[in-house]
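Visitor: Build me a structure from this.
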Amino acid sequence: MNRNRATKIVATLGPASSTEDVIERLYLSGADVFRLNMSHGSHAEHTERLRAIRRIEARHARPIGVLLDLQGPKLRVAKFRDGQVCLQAGQAFCFDQDTTPGSESRVYLPHPEIFVVAAVGDILLANDGLLRFRITETTLTCITTEVLVGGVLSDRKGVNVPSAPLPIPALTAKDREDLQFGLELGVDWVALSFVQRAEDLREARTLIRGHAKLMAKIEKPSAVDSIDAIIHVADGIMIARGDMGVEMPPEDVPVIQKRIVGLCREAGKPVVVATQMLESMINSAAPTRAEASDVATAVFDGADAVMLSAESASGKFPVESVQMMNRVVERTECAPSYREFLRAVRPPASSGTAEAISAAIFTITSRICVSATVAYTTSGATASRIARERPASPILSLTPDQSVARQLALTWGTCPLQIEDAKDVEDMVIKATAAASDVGFDRNKPLLIAAGVPFGVPGTSNLLRVVWPC
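Guide: Numbers count the residues shown, from 1 in each chain. Next comes the predicted model:
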């Protein structure tokens, strides 16, 4: 099934979208990749969801990507004597290492790493940033604060420390267990939460052993400070604006989003804009105009994908949310200014034969109305390099590797398809023409074909051919 858009849609599965019927409706409505959120749901539930995805994939004969999103280290307060307390601005409040239930003046914070780095003047946040504390005194067992913004603080609410990198491992014991589960299940992408530095990706990369692509979620100020190094190490980036908006001023988030999208485009790495994109559709059948504009902004910037979270996982209108996002993306990409925006922020050209061919495809598709650019790819690199240029034609990515085809489902402009590798140039043309026709591309327009000779050798993109219709 060929989409009428280049920007991909990621839909999170959950209680509202667990049945095979609903998942198939999400796919037919526009979802290209499904997200399994390991912060919620059991392994058994996620197993059934993935099996349903693979049955749907087989019925429609098109690769569907699956993203496993690891929970990451969650920092939380312990329990209170009465379940919750109401804190007033100006009062003193302590986070300590005393395991007894909390009160109006203190609570147990079972994370000694915070006590090591906390400094006077630092800000602590709780309950998704609704409560705000300034540190006035610290020891290795007690952090004394002044409540700046009060409110209700209840059992197990989250704590954020935006001002300092924390000496905590990126992978928790739960994450390692979930990662092993996901790899055995056959997921295509793994998203690592609360990345702080490039080194945080090393252990996950070792455990994955090449069986999936690794995505870094950018949520913390320290990750933004190290973004160049993180993009270099990761296979893809997710701009997770929920926690980012808690730990950083909201007015900074749009600027950071635009910068990261640009850096990922320059690096040729897929970038997903996520969180609260159509938030009101959790309970409403229509989004706000601001939410529609938010999706359109990510599309204009050239993001590879936009993501639905609770809207498709637990909201009242999961299918309608995907349909709405699909319509917004399609309408945005049809705007005359869309190509102008992409050209205006086009990344600088790189040297090398493969890069030169990708740049040539951009130029050709700007001057000739081609049906599609066909990319023969073993590892996915050829298709990714072409997508980096954001050409004016769809990218039909032909690969003999089913995993590569599924991974490419996340990449801008690609229509991945698993086929046998070509034997020679003429066989390449025959297979490309047949595949383009099968997918539904216009037979009356020429095809561009990019490949590497000899065939089947990764990283040898050195051939570009224009095939005109007979």
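
Visitor: and stretch 379-394, how far from the chain's centre?
Guide: Offset of stretch 379-394 from its chain centre (C-alpha atoms, centre = their mean, to the nearest Å): 18 Å.

Visitor: let's number from 672 now, not from 1
Guide: Sure, I'll start numbering at 672, so the last one becomes stretch 1050-1065.

Visitor: what about that stretch, average pLDDT?
Guide: For stretch 1050-1065, mean pLDDT is 94.

Visitor: same thing with stretch 699-719?
Guide: Computed over stretch 699-719, the average pLDDT equals 97.

Visitor: before we move on, what about stretch 1003-1017?
Guide: pLDDT averaged over stretch 1003-1017 gives 89.

Visitor: list the buried ones in that stretch?
Guide: In terms of neighbour count (16 or more other C-beta atoms under 10 Å), stretch 1003-1017 has its buried residues at 1003-1004, 1009, 1012-1013, 1017. C-beta: built from backbone N, CA, C; applies to glycine.

Visitor: Check stretch 684-692 too.
Guide: 684-685, 687-689.

Visitor: again, but for stretch 1086-1102
Guide: By neighbour count with 16+ other C-beta under 10 Å, stretch 1086-1102 contains the buried residues 1086-1089, 1092-1093, 1099-1100, 1102.

Visitor: so Pro958 sits in a strand?
Guide: No: assigned with DSSP: H, G, I helix; E, B strand; the rest coil, Pro958 falls outside any strand and is coil.

Visitor: Now do the domain split for the protein, please.
Guide: Residue ranges for the domains of the chain, per automatic domain parsing: 679-743+841-1006, 755-831, 1024-1138.

Visitor: Switch those domains over to CSV; also include distance to Ala749.
Guide: Formatted as CSV, those follow (distance: least, C-beta to C-beta, whole Å):
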stretch, distance to Ala749
domain 679-743+841-1006, 17
domain 755-831, 4
domain 1024-1138, 38
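
Visitor: So which of the buried residues of stretch 1086-1102 belong to strands?
Guide: 1086-1089 (DSSP state E).

Visitor: which among these gets closest to Gly821?
Guide: Ranked by distance to Gly821 (C-beta to C-beta), those are led by Pro1087 at 51.6 Å.

Visitor: related to what we said a few turns ago, the buried residues of stretch 1086-1102 into TSV, with extra columns for distance to Thr1070 and pLDDT?
Guide: Output for the buried residues of stretch 1086-1102, formatted as TSV (distance: C-beta to C-beta, whole Å; pLDDT from 0 to 100):
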residue	distance to Thr1070	pLDDT
Cys1086	12	97
Pro1087	7	97
Leu1088	8	96
Gln1089	6	96
Asp1092	8	85
Ala1093	11	85
Met1099	13	91
Val1100	17	93
Lys1102	12	94
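
Visitor: Which one of those is nearest to Gln1073?
Guide: Gln1089 (5.0 Å).

Visitor: ok, the closest one - contacts?
Guide: 734, 1070-1073, 1076 (C-beta atoms under 8 Å, 6 or more residues apart in numbering).

Visitor: circling back to that earlier point, right, and the pair among the buried residues of stretch 1003-1017 with maximum separation?
Guide: Thr1003 and Arg1017 (17.8 Å).

Visitor: All the helices of the stretch 972-1121 of the chain, in order from the start?
Guide: 981-984, 989-1005, 1007-1015, 1024-1038, 1052-1059, 1073-1078, 1096-1110 (DSSP state H, counting those that start in this stretch).

Visitor: Specify which member of the buried residues of stretch 684-692 is nearest to His903.
Guide: Leu684 (30.9 Å).

Visitor: For that closest one, give me the pLDDT.
Guide: 98.

Visitor: next one: Cys1141
Guide: 69.

Visitor: could I get the ones in strands among the buried residues of stretch 1086-1102 as a markdown table with distance to Val830?
Guide: Shown next, in a markdown table, are those (distance: C-beta to C-beta, whole Å):
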| residue | distance to Val830 |
| --- | --- |
| Cys1086 | 44 |
| Pro1087 | 41 |
| Leu1088 | 47 |
| Gln1089 | 46 |
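
Visitor: Return the closest of those with respect to Arg876.
Guide: Looking across those and measuring by C-beta to C-beta, the closest to Arg876 is Pro1087, at 23.2 Å.

Visitor: from what I can see the closest one touches Ala1080, true?
Guide: Yes: in this structure, Pro1087 is within contact of Ala1080 by C-beta atoms under 8 Å, at 5.8 Å.

Visitor: what is in contact with these two at once?
Guide: With C-beta under 8 Å, 6+ apart as the test, Pro1087 and Ala1080 both reach Pro734.

Visitor: And the helices in the stretch 822-971 of the chain?
Guide: 844-856, 872-879, 892-896, 898-904, 912-918, 924-938, 960-972.

Visitor: Average pLDDT for the shortest one, rounded please.
Guide: The pLDDT scores in helix 892-896 average 94.

Visitor: Equivalent analysis for the fifth one, please.
Guide: Throughout helix 912-918, pLDDT has a mean value of 89.

Visitor: how far out from the middle of the chain is that helix?
Guide: Worked out by C-alpha atoms, centre = their mean, helix 912-918 lies 15 Å from the chain centre.

Visitor: now the third one
Guide: Its chain's average C-alpha position is 17 Å from that of helix 892-896, according to C-alpha atoms, centre = their mean.

Visitor: next one: the last one
Guide: With C-alpha atoms, centre = their mean as the basis, the distance from the averaged C-alpha position of helix 960-972 to the chain average is 16 Å.

Visitor: Output the contacting helices and strands for it.
Guide: helix 924-938, strand 976-979, helix 989-1005, helix 1007-1015 (3 or more C-beta pairs under 8 Å, 6 or more residues apart in numbering; DSSP states H and E).

Visitor: 6 Å instead?
Guide: helix 989-1005 (3 or more C-beta pairs under 6 Å, 6 or more residues apart in numbering; DSSP states H and E).

Visitor: still on that earlier bit, with the contacts of Gln1089 in mind, which one is nearest to Gly916?
Guide: Using C-beta to C-beta, the contacts of Gln1089 come closest to Gly916 at Pro734, 32.9 Å.

Visitor: how about the buried residues of stretch 1086-1102 in TSV, adding distance to Val926?
Guide: Conversion of these to TSV gives the following (distance: C-beta to C-beta, whole Å):
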residue	distance to Val926
Cys1086	33
Pro1087	33
Leu1088	38
Gln1089	40
Asp1092	44
Ala1093	45
Met1099	44
Val1100	46
Lys1102	45
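
Visitor: one step back: right, and the helices of the stretch 972-1121 of the chain - which one's nearest Thr877?
Guide: Of these, the one closest to Thr877 (C-beta to C-beta) turns out to be helix 1073-1078, at 18.6 Å.

Visitor: Can you list the neighbours in contact with that closest one?
Guide: For helix 1073-1078, the surrounding residues in contact (C-beta atoms under 6 Å, 6 or more residues apart in numbering) are 734, 736, 859, 884, 1051, 1070, 1087, 1089.
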